[in-house]
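> Fold the following, please.
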Amino acid sequence: MSRGRNGDGVERDLARAKSLLIGLRAKIDNEDSRKAQAYGHALRRVAGLLSGSLNIAAPDAMLARALSAKDLDHASGDLQRSAARCRTFLNAPSPASEIAESIAVACSILAELYRMRFHALKAAQPQKAEASEQAERLAQLIKSLACTEKRGKLSGKHGQMAA
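Model prediction:
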């Protein structure tokens with residue numbers, strides 16, 4: 001893959017993934033544990049739906065494992081569109097807006113993870129290595145959020161989010 005046009009797209013995706021991690025860290029650190037729990041629940045729910053559509057186990061769907069580059073690319077696009085659709089409900093003054101926000105965040109996190117796994121397979125070096133590193137950071141965040149119902153808040157090894 002040449003650096004030019006495709007490399008610029010990878011750079012944009014890497015920047016978006018880093019930005020998402022920073023934004024989520026700030027949001028979760030400034031909110032009570034209910035927000036982290038809601039995100040964890042939404043991540044598990046969306047991963048369950050992905051596992052059915054991709055015909056893989058839910059843990060593999062949650063961490064974007066055991067998928068081809070084509071499946072990663074396709075699922076990333078689907079997740080981005082789903083997040084955008086959920087965001088259309090955010091301005092509604094109802095309980096639906098809180099649920100939509102959690103699902104939009106879950107879809108966004110998973111979309112970025114799937115995109116980083118795709119780039120880890122297809123990008124040129126050093127972007128491939130950076131994408132792999134960002135994918136691992138996103139996977140750690142997902143693991144941490146998926147376990148928040150048990151712990152009540154982000155803490156410990158998986159709770160440490162780096163951008």
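
> How about the contacts made by Ala17?
Shown in contact with Ala17 (CB atoms under 8 Å, 6 or more residues apart in numbering): 112, 115-116, 134, 138. Quick note: C-beta positions are derived from backbone N, CA and C, even for glycine.

> got these as JSON lines, with distance to Ala36 and pLDDT columns?
Conversion of those to JSON lines gives the following (distance: CB to CB, whole Å; pLDDT from 0 to 100):
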{"residue": "Glu112", "distance to Ala36": "17", "pLDDT": "98"}
{"residue": "Arg115", "distance to Ala36": "23", "pLDDT": "98"}
{"residue": "Met116", "distance to Ala36": "21", "pLDDT": "98"}
{"residue": "Gln134", "distance to Ala36": "20", "pLDDT": "97"}
{"residue": "Leu138", "distance to Ala36": "15", "pLDDT": "97"}
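
> Now, those that are in helices?
If you go by DSSP state H, the contacts of Ala17 have 112, 115-116, 134, 138 in helices.

> Near the nearest residue to Gln80 once chain neighbours are set aside, how many other residues are there?
Nearest non-adjacent residue to Gln80, counting by CB to CB, 6 or more residues apart in numbering: Ala111, 4.7 Å away. Ala111 has 27 neighbours, counted by other CB atoms under 10 Å.

> my guess is Ala111 meets His74, correct?
No - using CB atoms under 8 Å, Ala111 makes no contact with His74, being 11.4 Å away.

> Dead centre of this protein: give me the residue that sits there.
Ile109 (1.7 Å; CA atoms, centre = their mean).

> just checking, what packs against the host helix or strand of that residue?
Here Ile109 is covered by helix 95-122, with elements defined by DSSP states H and E. Counting by 3 or more CB pairs under 8 Å, 6 or more residues apart in numbering; DSSP states H and E, the packing neighbours recorded for helix 95-122 are helix 4-30, helix 33-54, helix 69-87, helix 127-146.
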